[in-house]
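1. need a 3D model of the sequence below.
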Amino acid sequence: MAGRAIPLVDLSKFVNGSAEERTDFVNQLGKAFHEIGFVGVINHGISKELIDNFYASSKGFFSLPVSTKKQYEVSGGAGQRGYTSFGKEHAKQSEVADLKEFFQIGQEVLDDDPIKEMYPTNVVVNEAGDFTKLGRELYQAFEKAGGQLLKAIAIHLELGEGYFDQYIHNGNSILRSIHYPPITREPESAIRAEQHEDINLITLLVGASAGGLQLLDKDNQWVDIMPEENEIVINVGDMLQRLTNNYLCSTTHRVVNPPREQWHLPRLSIPFFLHPKATMDLTCLDRCVTAEFPLNYEPITAGEYLNERLREIGLKK
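-> Purely as a prediction, here's the structure:
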């Protein structure tokens, strides 16, 4: 572990391992999420070829003329599908817009679940090769890996392995492809994405094309997260922190600008925000509320909480 900011776990030990290996994985993941809120995962089952191909097609999309990209912006959609242009989003405590543009792909309900009516349609991009198709495939791969991680967390919380399954089936997850353009002049802020916590249950982030991701540790120090080859970074979101009455921690993180000699390099980052269905009850779990750890949060549903937070970050009016 020397030199690593966050622990590393091997998901194949949980998916295909012995009873002992599974228990060991659950303990490691639970400890990481409780103490740090972040973990690196290898052997996660998401194909490198799929990731590389989606990166390439994302690069192709973001290099299109602004007028073309803007055709894929959905007005009044709170950025939940399609393209969001430069400078629209900011961290909740910041007035300064983040230095990024992004594209979002959401859930496609394939069974007869009536929840389908609640989700906007995904935006199909005609340019940039297989961008839409690859994004859909990557969404499903992330959803599968995220589901396995939540099974392990459910076991750790003594809720039974399948606790989250009903909530994340056809859940409101989002795959976001983010482009931080090259920096062309002295920025007003050294931050590409201001410090924040994620809203959802967990976030799965596939290696960014340039460094810059930092987490705020228990000593209030910013620590660089440098994933290895084929590693994805997972962090706890506010919904999971809320559900566990702060037992699992949603850690503050940010993306800082690179050193001046790397200003000419754009940065691509592909997070998957794993959300449950809007109806999921986020009332703190009884087992996480004790005399030592009194109740921190009022009851709320995932949908109500998401709307509240989208307004805070400027995506929803």
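
2. from here on, just use CA atoms for contacts and neighbour counts.
-> OK.

3. mind listing what H44 touches?
-> Contacts for H44 (C-alpha atoms under 8 Å, 6 or more residues apart in numbering) come out as 10-12, 145, 232.

4. tell me which of those residues is nearest to F38?
-> I232 (10.6 Å; C-alpha to C-alpha).

5. burial measure for that closest one, as a count.
-> 22 (other C-alpha atoms under 10 Å).

6. could you check how far the residue nearest to it when sequence neighbours are not counted is from G40?
-> Of all residues not flanking I232 in the chain, V206 sits nearest, at 4.8 Å (C-alpha to C-alpha, 6 or more residues apart in numbering). Distance, V206 to G40, by C-alpha to C-alpha, to the nearest Å: 10 Å.

7. tell me the pLDDT of the closest residue to I300 other than its chain neighbours.
-> Of all residues not flanking I300 in the chain, L282 sits nearest, at 5.6 Å (C-alpha to C-alpha, 6+ apart). At L282, the predicted lDDT confidence score is 97.

8. for L282, give me its contacts.
-> Contacts of L282 (C-alpha under 8 Å, 6+ apart): 239, 242-243, 299-302.

9. filter these to the buried ones?
-> 239, 242-243, 300-302 (16 or more other C-alpha atoms under 10 Å).

10. strands of the chain, start to end?
-> Per DSSP state E, the chain carries strands over the ranges 8-10, 38-42, 82-84, 101-106, 174-180, 191-196, 202-206, 213-216, 222-224, 232-236, 253-256, 267-274.

11. now those as TSV including distance to V66?
-> Shown next, in TSV, are those (distance: least, C-alpha to C-alpha, whole Å):
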stretch	distance to V66
strand 8-10	39
strand 38-42	35
strand 82-84	11
strand 101-106	11
strand 174-180	13
strand 191-196	20
strand 202-206	26
strand 213-216	27
strand 222-224	32
strand 232-236	30
strand 253-256	24
strand 267-274	17
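
12. mean pLDDT lowest where, among those strands?
-> Mean pLDDT values for the strands of the chain show the minimum at strand 191-196, a mean of 74.

13. which ones among the buried ones among the contacts of L282 map onto helices?
-> 239, 242-243, 302 (DSSP state H).

14. in a markdown table, list those along with distance to A19 and pLDDT.
-> Converted to a markdown table, those look like this (distance: C-alpha to C-alpha, whole Å; pLDDT from 0 to 100):
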| residue | distance to A19 | pLDDT |
| --- | --- | --- |
| M239 | 29 | 97 |
| R242 | 30 | 97 |
| L243 | 27 | 98 |
| A302 | 33 | 97 |
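
15. out of these, who's nearest G106?
-> Taking C-alpha to C-alpha as the measure, G106 sits nearest to A302 out of those, at 16.1 Å.

16. give the contact list for the closest one.
-> Neighbour list for A302: 239, 276-282 [criterion: C-alpha under 8 Å, 6+ apart].

17. run the last query once more with 10 Å
-> Residues near A302 by C-alpha atoms under 10 Å, 6 or more residues apart in numbering: 167, 172, 199-201, 239, 275-283, 308.

18. count of neighbours near S75?
-> Close neighbours of S75, defined as other C-alpha under 10 Å, add up to 11.

19. just the one 3 residues further on next, same as before
-> If you count neighbours by other C-alpha under 10 Å, A78 ends up with 15.

20. any idea how far it is from N170?
-> Taking C-alpha to C-alpha, one finds A78 at 20 Å from N170.

21. spatially central residue for the protein, please.
-> For the chain, T203 is the residue whose C-alpha lies nearest the centre (C-alpha atoms, centre = their mean; 2.8 Å).

22. how about that residue: what's its closest non-neighbour residue?
-> F273 (4.6 Å).

23. what about that neighbour, how many neighbours?
-> Using other C-alpha under 10 Å, F273 has 27 neighbouring residues.

24. my read: A152 touches V9, true?
-> No: at 11.9 Å, A152 does not count as touching V9 under the criterion of C-alpha atoms under 10 Å.

25. surely L310 and G77 touch.
-> No: judged on C-alpha under 10 Å, L310 makes no contact with G77 at a distance of 11.1 Å.

26. more neighbours: these two, which one.
-> Using other C-alpha under 10 Å, the more surrounded residue of L310 and G77 is L310, with 18 against 13.

27. can you map out the helices along this structure?
-> 12-15, 19-35, 48-62, 66-70, 131-156, 165-168, 238-243, 302-312.

28. hang on, the earlier thing: right, and the residue nearest to I232 touches I234 too?
-> Yes: look at V206 against I234 with C-alpha under 10 Å: they come within range, at 8.9 Å.

29. okay, and the common contacts of those two?
-> Residues touching both V206 and I234 (C-alpha under 10 Å, 6+ apart) are 271-272.

30. residues of stretch 6-22 that come out buried?
-> 6-15, 21-22.

31. can these go into TSV with extra columns for distance to Y72?
-> Formatted as TSV, those follow (distance: C-alpha to C-alpha, whole Å):
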residue	distance to Y72
I6	37
P7	39
L8	38
V9	38
D10	38
L11	36
S12	38
K13	41
F14	40
V15	38
E21	46
R22	43
